[in-house]
Structure formats: structure tokens, C-alpha cells
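>>> I would like to see how this sequence folds:
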Amino acid sequence: MLLLRILSALVGIPVIIVGIYYGGPWFALLLLLIINVAIFEYNQVIKIGNSSFLAVVNHLGVSFYLIIIYLEEYALITPLFLVLLFIMFVNVLFNMEVEEKQSFSESATALWGVVYLGVLFGYLLMLRLQPEGALYTYALFAGIWIHDTMAYFIGVKWGIRKFAPQISPKKSVEGSLAGMGGTIIVFFSAAILFPELFAFPPAGAIILALGISVFAQLGDLMESALKRQMQVKDSGTIIPGHGGVLDRFDSIMLAAPFAYYFFLLAGMF
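Prediction:
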């Protein structure tokens, strides 16, 4: 399992690094591919079937959301959501009239997928679109990778106290603290040793590292809770040793909005 995780990382990480470096349409297309695989997995997890009407709406919803973000036509975000809400509402009425089946819960869960993936992934694209977006996006991914790596290895070796046993039994308090502490140490050291490269003051680096760690864990727990509710072990099998795309990118779901607003409030764009 560990070997598969390492091999998958050796393939996946360079793809992400190159995508961030080139930015523009290349990074947008990479995210478009990732988000459509993720929504495919989400549809499987919530058991609506990827050939169903709701699944098609989900794919179109997240795709159009990223396209709007890329074009920076932010005024269209609310109309898109209203259109999706209207479509879901019509779907409920149709099912009740034709099939005598109430589908409020199915439609609501499907719409949640668009918000969960489209909106949160959208912040990652918004971050990269900024003038210094490559640096900010690298910092975000670096923080998540450092946190996840430290939490995994320390948790496996010395983890005793369960962090959230009802949601994710394998997570430990020791692993969580190690991930948080490791990220803070690396970011703080980089701010001191490489100020020309890591353009954040030491205090800001600590806040950034702490925020990324906290929200990465919350994003991980959010996806774990979804799988626990639906009684699913992994969201997919596309990434050997990691499960699905949702399993691999769950940490970034809440960390990306945090990073975006951190840099915005810090006056860095």
C-alpha cells in the first residue's frame, strides 16, 4: 500500500506542479478534468447513477461553474445556481407526477455535489488566476502535502488517541498535531531562510500554515463523513494506494477558500 501511494505521488505531483506553472487554460483544463472525475465519483457515492439525469446536470453544473470562474464572469455565478435549482425543482415535480416518486432528497444531494465540488474547486482556480497566483497555489499544495505526509507517517508509527473515531477511525491526535506542527515549522523556516522566494513574513507564514492544516483536516473529515453516511470505503479506485480523486483532493476543498481569503485580506492581490 505504501509503495503504491509513493508511486502515485511520483506521477501525480509533477502533473500538478506543471499545471500550476503554466496556469491559464492549461491549469483550468486540468481542474476541469479533475472535477469531472470527482463528480463522477460523487455520483457513485450518493448512488444516483452516472447515466441518470441528475448526474448529467451535476457534470454540466461543475463544468460551467469552472468556465465562469476562468472567464472571470462572476456575475453569472448566482444565475447559474438559480438555473440548477430550477432544473432540480422541475425534476422533483416530474418524478412526483409521472413516477409517483418523491425525489427531494436525491435532487438536494445532487445539488450539494455541485456546491461541494464546483464552488470549492473554483477557489483553487481563482487563486491561480491572481498575478502571483502560481506562488500562492504552490504554497497551498505544499502545505497540504507536508501536512498529509507528516500526519500519515507519524499517525501510523505513533498514533494512539483517535481523532474522530466515528468519522475516520484511522486518524489520530498524534498524526493531526504532527501534520500541523510540521507544516508550521517548514513554512516558518522558509519565510526566514528564503524571504525572496517565500514572500510572506514569518508571522504570516505561521498563520497560513496553521490555517491550511486546520482546513485540510476539516475537508478530509467532510469527505469521510459523506462516505460514512453512504457506507462507502473509498470514493473510487483511479489512484492506486489513495482511492479516488475525491479521496486525494478532499483536503483541498476547504483549504483553497481559506488560502484565497488569506491572501486577499493580507492585501497580496
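
>>> what helix or strand does Val171 sit in?
Just so we're on the same page, residue 171 is Lys rather than Val. strand 168-172 (DSSP states H and E).

>>> let me fix that: Gln229
Going by DSSP H and E, Gln229 is in helix 202-230.

>>> next SSE after that helix?
Later in the chain than helix 202-230, the nearest helix or strand by DSSP H and E is helix 245-249.

>>> which helices and strands sit right next to that following helix?
Counting contacts by 3 or more C-beta pairs under 8 Å, 6 or more residues apart in numbering; DSSP states H and E, helix 245-249 packs against helix 24-45. The way it works is simple: take the backbone N, C-alpha and C, and place the C-beta from them, glycine included.

>>> swap the cut-off to 10 Å and go again
With contacts defined as 3 or more C-beta pairs under 10 Å, 6 or more residues apart in numbering; DSSP states H and E, the packing partners of helix 245-249 are helix 2-22, helix 24-45, helix 120-128, helix 202-230.

>>> could you list the low-pLDDT ranges of the chain?
1-11, 49-51, 97-102, 234-243 (pLDDT under 70).

>>> before we move on, the earlier item: what is the following helix or strand past the strand holding Lys171 packed up against?
Following strand 168-172 in sequence order, the next helix or strand is helix 173-193 (DSSP H and E). Packing partners of helix 173-193 (3+ C-beta pairs under 10 Å, 6+ apart): helix 133-158, strand 162-164, helix 202-230.

>>> buried ones in helix 173-193?
Using 16 or more other C-beta atoms under 10 Å as the test for burial, helix 173-193 gives 174-184, 186-188, 190-191.

>>> what's the closest of these to Ile167?
Proximity of the buried residues of helix 173-193 to Ile167 (C-beta to C-beta) peaks at Ser176, which lies at 12.7 Å.

>>> not including adjacent chain positions, what is the nearest residue to the closest one?
Once flanking residues are discounted, Ser176 sits nearest to Phe163: 5.2 Å by C-beta to C-beta, 6 or more residues apart in numbering.

>>> and the helix or strand hosting Leu264 with helix 202-230, angle?
Leu264 belongs to helix 252-265 when elements are defined using DSSP H and E. Between helix 252-265 and helix 202-230, the angle comes out at 150 degrees (axes from the mean of the first three to the mean of the last three C-alpha atoms, to 10 degrees).

>>> and helix 252-265, what other elements does it pack with?
So helix 252-265, by 3+ C-beta pairs under 10 Å, 6+ apart, packs with helix 120-128, helix 133-158, helix 202-230.

>>> please tell me how far the last one is from the chain's geometric centre.
Meaning helix 202-230. Between the centre of helix 202-230 and the centre of its chain there are 10 Å (C-alpha atoms, centre = their mean, to the nearest Å).
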